[in-house]
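Enquirer: Fold the following, please.
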Amino acid sequence: MLTEEQEKRFILICKPEQSGKTFVMIQVIIKDIQYPPESNVDVINIIFCDNNLLLTKQTSNRINKEISSINNESYLEFSSHSRTDYKCVDNVCNGIIFKEIHNVICCTNGSRISDIHQLITTINNGKLTKGKYIFKIWLDEADKYIKFILDYIDLLKEFENVYLYCISATPKNIFYRFNSINVFPIENTTSENYHGWCDNQLKIIDLNTNSSDFIIHVLDSFTLGADKIIPGTIWFIPGEFKKVSHYEISNICNERNFAVLIINGDGITLKFPDKRIETYFKDDELNTILKKIYKEQSLEKFPLAITGNVCIGRGTSMMSEDFIIDYAILSICDNKQEASQNAGRVKGNIKHWSNYKPPIVFTSPKFDAIAREWEIKSRNIAKIAFDKQEEGKSTLITKEEFKNIGNEFQNKETNLNLRVPYYFNNIDKKNIIFKNKTRKINKYKELIKIISCKDLDLNKFIKYVYENNPNCAKFTRPEDISTRKTCIDSTLNKYNNNTPFIVAYGDKDKNKDGFVCIIDYINYSVFICVNVINKEFNL
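Expert: Modelled structure (predicted):
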């Protein structure tokens, strides 16, 4: 059990995958540099990356970029790698005490956990160093490392100058082990540029089979992926934990004329359809490596598949403005947290990119439900803490509170006809859909134009409903303040939080395909809320 004071030093940072959890950490580090919490006391940040060299390099580069211009701040990498001079506890102690390096980056493994425990204990008990430092431990992907959290909670109990920040988009294991945790409050956990799970073009395939057969089904079905296997496309097709699945996926894709990048513990391997093989080191950020290989090997001549597991999973950023995933095949969901993390590779702050386009994701109903559920939890837990703080309450969140986040969503997910609202904005304000007395047929025609080039499957569904269930093709244009709040504000909130929308037609039509188009004539945008009964529609 922790005391109330100790609970305040055991903190969870939770945001959706690729939404900027590292940015939150960096902002706290910068704040401590600019406004030290105590006079004559330095803050030492111990940053644990997931046990992955690519992630360590990615985090190091981000830390260096953000803090190097502030008071000549720097960092050291604590590892056995040849690129660093800091390979043992004594070296790191010297770096902190004599070179005044305040940021230590290392991989999360048993050796480093023990080393940092020894380092903090040594400095805190030293005659010349006792009381001169505050230690903030940042544990990325913390839900994987419950044993290590327990080790550092003992350290937190022993020393009042130790803080433990657990960073995770999928913190279930943390809540189930500790029952409650102090959550870092955040008013808005995602930005307007955040591309979430439901922003993808989701193709739900109800197929009860293993992951390899699911991939083959997608790639060989003309109505799904077969016609999309063209040069210049980039596919994300992760495998299972065991490496044998990565090579099986590689063979499946090579047989269909893909070039394949396998990224795992063996390194980075590029396999061409003609069986040529190139190998690469993990010596830079993954996205930088991918772009370099793509250019050097002229991979635009092939469809490219990227596979692996751990090395392309949690925390890894693959996409950039000039390297965007076009398609993904995601069905492996034995572990819900890892499924959500894989979903995170086709998420991120990308909507502002000049060539932004939503990836097309082929997935199963089960994977889809998991991805939606966990994104709702990760979007909302820090908001709940923020609301508590605003009310003057503790930001402690209990296991029961965590479990209840998204309960409304889970109940709705048992009815798979429900969908998160679609949202189309930046429409020409002169469009007649915004005019008060536009006839329904003309609204329908304009709606088809608005969505035609952006979502072909939604376009097909809207046409089907209008032609076959005209009573279930609804248009509404809220005008008074209360109606706008009920219809527009609440729908925008559902869109932002990936919450399915209930389309109410009454008992007569509730089992028919239908849609409601909500027209916002002030902000020149429209929402489309759909009720999908026919499983032929991949919405």
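Enquirer: So for the residue located most distally from the centre of the chain, what's the pLDDT?
Expert: Relative to the centre of the chain, the most outlying C-alpha is that of Lys127, 44.8 Å out, by Cα atoms, centre = their mean. Note on Lys127: pLDDT of 93.
Enquirer: Using CSV, list the CA coordinates for the strand or helix carrying Val28.
Expert: Val28 belongs to helix 21-34 when elements are defined using DSSP states H and E. Extracted C-alpha coordinates of helix 21-34, given in CSV (Å, rounded to 0.1, in the frame of the first residue of the first chain):
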residue,chain,number,x,y,z
LYS,A,21,2.7,10.6,-25.1
THR,A,22,6.5,11.3,-25.5
PHE,A,23,5.6,14.9,-26.2
VAL,A,24,3.9,15.1,-22.8
MET,A,25,7.0,13.7,-21.1
ILE,A,26,9.3,16.2,-22.9
GLN,A,27,7.0,19.1,-21.9
VAL,A,28,7.4,18.1,-18.2
ILE,A,29,11.1,17.8,-18.6
ILE,A,30,11.3,21.3,-20.3
LYS,A,31,9.1,22.8,-17.5
ASP,A,32,11.5,21.3,-14.8
ILE,A,33,14.5,22.8,-16.7
GLN,A,34,12.9,26.3,-17.0
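Enquirer: ok, whichever helix or strand comes after it: who's next to it in the sheet?
Expert: On the C-terminal side of helix 21-34, the nearest following helix or strand under DSSP H and E is strand 42-49. When pairing is defined by DSSP bridges, strand 42-49 lines up against strand 103-107 (parallel), strand 133-140 (parallel).
Enquirer: Would you mind listing the buried residues in the helix or strand just after strand 42-49?
Expert: With elements assigned by DSSP H and E, the helix or strand that comes after strand 42-49 is helix 53-67. The neighbour-count check on helix 53-67 (16 or more other Cβ atoms under 10 Å) flags Leu53, Leu54, Leu55, Thr56, Lys57, Gln58, Thr59, Ser60, Arg62, Ile63, Glu66, Ile67 as buried. Heads up, the C-betas are built off the backbone N, CA and C, glycines and all.
Enquirer: right, and Thr363 touches Ile204 too?
Expert: Yes. Thr363 sits in contact with Ile204 when judged by Cβ atoms under 8 Å, with a separation of 6.4 Å.
Enquirer: The two - which one has more neighbours?
Expert: Neighbour comparison, Thr363 and Ile204: the larger count goes to Thr363, with 27 against 20 (by other Cβ atoms under 10 Å).
Enquirer: so how far is Asp140 from the more buried one?
Expert: 26 Å (Cβ to Cβ, to the nearest Å).
Enquirer: Quick check: the gap between Glu248 and Val420.
Expert: In this structure, Glu248 and Val420 are 33 Å apart, going by Cβ to Cβ.
Enquirer: These two: who's more crowded?
Expert: Neighbour comparison, Glu248 and Val420: the larger count goes to Val420, with 24 against 17 (by other Cβ under 10 Å).
Enquirer: So, low pLDDT: which residues of the stretch 51-200 of the chain?
Expert: Counting by pLDDT under 70, the stretch 51-200 of the chain has low-confidence residues at 51-53.
Enquirer: sorry, back to before: any chance of the strands paired with strand 42-49 in a markdown table, with mean neighbour count and distance to Lys242 too?
Expert: What follows is the strands paired with strand 42-49, written out as a markdown table (neighbours: other Cβ atoms under 10 Å; distance: least, Cβ to Cβ, whole Å):
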| stretch | mean neighbour count | distance to Lys242 |
| --- | --- | --- |
| strand 103-107 | 23 | 21 |
| strand 133-140 | 24 | 24 |
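Enquirer: Including distance to Lys87, could those go into CSV?
Expert: Below are the strands paired with strand 42-49 laid out as CSV (distance: least, Cβ to Cβ, whole Å):
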stretch, distance to Lys87
strand 103-107, 11
strand 133-140, 20
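Enquirer: Tell me which of the ones you listed sits nearest to Lys449.
Expert: With Cβ to Cβ as the criterion, Lys449 lies closest to strand 133-140 of these, at 45.3 Å.
Enquirer: which residues are in contact with the closest one?
Expert: The contact list for strand 133-140 (Cβ atoms under 8 Å, 6 or more residues apart in numbering) reads 21-22, 25, 28-29, 32, 37-38, 41-50, 55, 59, 96, 108, 116, 120, 123-124, 145, 148-149, 152, 159, 161-168, 315.
Enquirer: That one to helix 21-34, inter-axis angle?
Expert: 170 degrees (axes from the mean of the first three to the mean of the last three Cα atoms, to 10 degrees).
Enquirer: Next, the angle helix 53-67 makes with strand 133-140.
Expert: 130 degrees.
Enquirer: which helices and strands sit right next to the helix or strand following strand 133-140?
Expert: Where DSSP H and E defines the elements, the next helix or strand beyond strand 133-140 is helix 146-158. Secondary-structure packing of helix 146-158 (3 or more Cβ pairs under 8 Å, 6 or more residues apart in numbering; DSSP states H and E): helix 110-125, strand 133-140, strand 162-167, helix 172-178.
Enquirer: Of the ones you listed, which is nearest Thr190?
Expert: Thr190 sits nearest to strand 162-167 of all the helices and strands packed on helix 146-158, at 15.9 Å, using Cβ to Cβ.
Enquirer: pLDDT (mean, whole number) over stretch 515-524?
Expert: Computed over stretch 515-524, the average pLDDT equals 93.
Enquirer: Would you mind listing the buried residues in it?
Expert: Phe515, Val516, Cys517, Ile518, Ile519, Asp520, Tyr521, Tyr524.
Enquirer: Would you work out how far apart the start and end of it are?
Expert: 19 Å (Cα to Cα, to the nearest Å).
Enquirer: For Glu375, grab phi and psi.
Expert: phi -70, psi -40 (degrees, to the nearest 10).
Enquirer: Hmm, Ser340 and it touching each other?
Expert: Yes. Counting by Cβ under 8 Å, Ser340 is a contact partner of Glu375 at 7.2 Å.
Enquirer: And the residue nearest to Glu66 when sequence neighbours are not counted, how close does it get to Glu240?
Expert: In this structure, Glu66 finds its nearest non-sequential neighbour in Ile26, 4.8 Å apart by Cβ to Cβ, 6 or more residues apart in numbering. Ile26 is 33 Å from Glu240, where distance means Cβ to Cβ.
Enquirer: Which one's more surrounded, these two?
Expert: Between Ile26 and Glu240, Ile26 has the larger neighbour count (other Cβ under 10 Å), namely 20 against 17.
Enquirer: how about that one, what does it touch?
Expert: Counting by Cβ under 8 Å, 6+ apart, Ile26 has contacts Arg62, Ile63, Glu66, Ile67.
Enquirer: give the contact list for Phe527.
Expert: Contacts of Phe527 by Cβ under 8 Å, 6+ apart are Pro421, Tyr422, Tyr423, Phe424, Ile488, Thr491, Leu492, Tyr495, Cys517, Ile518, Asp520.
Enquirer: Secondary structure for the residues you listed - can I get that in a markdown table?
Expert: Output for the contacts of Phe527, formatted as a markdown table (DSSP: H, G, I helix; E, B strand; the rest coil):
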| residue | secondary structure |
| --- | --- |
| Pro421 | coil |
| Tyr422 | strand |
| Tyr423 | strand |
| Phe424 | strand |
| Ile488 | helix |
| Thr491 | helix |
| Leu492 | helix |
| Tyr495 | helix |
| Cys517 | strand |
| Ile518 | strand |
| Asp520 | strand |
